[in-house]
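> Need coordinates for the following:
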Amino acid sequence: MYYGRRRHARRTSFPIGTSTAGKIFLDEAFIRSCTLHDVSGGGARLQVRDPTDIPDRFDLVLDGLAVRKPCRIVWRTRDSIGVEFIPDRSLPLGSSA
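I've put the predicted structure just below:
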C-alpha cells in the first residue's frame, strides 16, 4: 500500500517526470515560461513568475513532448497557477485547429 502522494498514478496519465519545463502561449504569442508540477490527466500546477497577468485560457506547450495543451486556470497563488486541461482541443505541435 502507498500512503504518500499519488505520483505513480499521475505519471501514467501524462508521460512526464516530476517537473517539466513548459511555455505559455496566447494564440501564437509567447507569454512566459513555467514549470509543471503535480500533473494529472485533467490538469497540473504550473510554477510561474507573477501569474496575475496570465489570461484565464491559454495554450501550454511542452517542447520535449511536442505537445500543445489548451488550459483553463482554476486557481492562482503568488507563484503558481492550477490549470485544467481542455481535452477536446489537444493538438500536436505544428497542427492547426
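> and residue 31, what element?
Secondary structure here is read from DSSP states H and E; on that basis residue 31 sits in strand 29-37.
> what's that strand in contact with?
Contact partners of strand 29-37, identified using C-beta atoms under 8 Å, 6 or more residues apart in numbering, comprise 16, 18-25, 44-49, 54-55, 58, 60, 62, 80. Every C-beta, even on glycine, is put in place using the N, C-alpha and C of the backbone.
> buried set for that strand?
The neighbour-count criterion (16 or more other C-beta atoms under 10 Å) identifies 32, 34, 36 as the buried residues of strand 29-37.
> Same check on stretch 66-79?
If you call a residue buried by 16+ other C-beta under 10 Å, then stretch 66-79 has these buried ones: 67-71, 73.
> quick check: mean pLDDT across the strand holding residue 31?
The average pLDDT within strand 29-37 is 94.
> where do the helices sit along this structure?
With DSSP state H as the criterion, the chain has helices at 7-13.
> can you give me the strands for it?
Counting by DSSP state E, the chain has these strands, from start to end: 20-26, 29-37, 43-47, 57-62, 67-76, 80-85, 91-92.
> And the contacts of strand 29-37, which of them are buried?
Buried by 16+ other C-beta under 10 Å: 16, 20, 22-24, 44-48, 54, 58, 60, 62, 80, out of those.
> May I ask which two of those residues are separated the most?
Greatest spatial distance among the buried ones among the contacts of strand 29-37 (C-beta to C-beta): 16 and 54, at 20.5 Å.
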